[in-house]
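K.L.:
Below are the sequence and a predicted model for it; my questions follow.
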Amino acid sequence: MLLAVEDVHAYYGEAHVLQGVSLAVPAGAVVTLIGRNGAGKTTTLKAVMGLVRPRRGRVLFRGEEITGLAPHAVARRGIAWVPEERRVLPNLTVLENLRLGVLGGGTRDGARAIEEALDLFPRLRERIRHRGSQLSGGEQQMLAIARGLVARPALMLVDEPTEGLAPLLVEALTAILREINRRGTTILLVEQTLEVALALSHQLYVMDQGRVQFAGPPDALRREPAIQQRFLGV
């Protein structure tokens, strides 16, 4: 198992946000956390990345416990973080943002990694000299994913990549994420759009109030309209 989250409890102050979350991410898979706002999905990713320190439970990556490691130490082990807020540096160009991704991941063949990412995102190649502040929301999302990809991670944590995007761009990003996975990168995805999650995922975890309420493949969730209605509002 590439990643295992075991009985993780996490708090914001006194608020018990994650209440015993367990999940498994096999190498080569796309695993998606889905649920309403406030369900604990993003906090789960942050607990993996070291941005939130669990009070109980543990996180294992390639069999090594990484619970509570600093984010840069987690990144150097082969995990990339694509945050919901995108965090594209507005005063740097597309190329400079990508070079920062190379540095953060310690990639040895950085120039080649950047070229491969630009092949996946030809729009970014067209905008290579534009600053982050000059990009549209969709272009910023592409850049955030590409910046994570150039670190050549074994695992990408991708938080709400389609939020606020037009349907055509959602379709394009879904196809790109599928291709990234096909090329060998494992993905742990947070998504609110059920159709995107069903289309991309090998395994789904439905979360609500800091707990996993359902785990299974897409076909199993399709056969559970009561779960969809109760926890996803579908």
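P.N.:
Arrived safely.
K.L.:
Which helix or strand contains the spatially most central residue of the chain?
P.N.:
The residue lying closest to the centre of the chain (Cα atoms, centre = their mean) is V158, at 1.5 Å. For V158, the element it lies in under DSSP states H and E is strand 155-159.
K.L.:
Sheet partners, orientation included, of that strand?
P.N.:
Paired neighbours of strand 155-159 in the sheet (DSSP bridges): strand 79-82 (parallel), strand 186-191 (parallel).
K.L.:
Dump the first one to CSV, restricted to CA.
P.N.:
This points to strand 79-82. The C-alpha trace of strand 79-82 is given here as CSV (Å, rounded to 0.1, in the frame of the first residue of the first chain):
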residue,chain,number,x,y,z
ILE,A,79,4.3,13.6,-2.0
ALA,A,80,3.1,16.7,-3.9
TRP,A,81,0.4,19.1,-2.6
VAL,A,82,-2.0,20.9,-4.9
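K.L.:
Could you pull up the residues touching V59?
P.N.:
The contact partners of V59, taken as Cβ atoms under 8 Å, 6 or more residues apart in numbering, are L3, A4, V5, E6, V8, A47, V48, E65, I66, T67. (Each C-beta comes from the backbone N, C-alpha and C, glycine too.)
K.L.:
can you do 6 Å?
P.N.:
The neighbourhood of V59, defined by Cβ atoms under 6 Å, 6 or more residues apart in numbering, consists of V5, V48, I66, T67.
K.L.:
For it, list each beta-bridge partner.
P.N.:
V5.
K.L.:
how near is the closest residue in space to Q19 that isn't next to it in sequence to H16?
P.N.:
Nearest residue to Q19 in three dimensions, chain neighbours excluded: G210, at 4.1 Å (Cβ to Cβ, 6 or more residues apart in numbering). In this structure, G210 and H16 are 7 Å apart, going by Cβ to Cβ, to the nearest Å.
K.L.:
So between those two, which is more surrounded?
P.N.:
When G210 and H16 are compared for neighbours, G210 comes out ahead with 23 against 15, by other Cβ atoms under 10 Å.
K.L.:
how about the more buried one, what does it touch?
P.N.:
G210 neighbours (Cβ under 6 Å, 6+ apart): V17, L18, Q19, G40.
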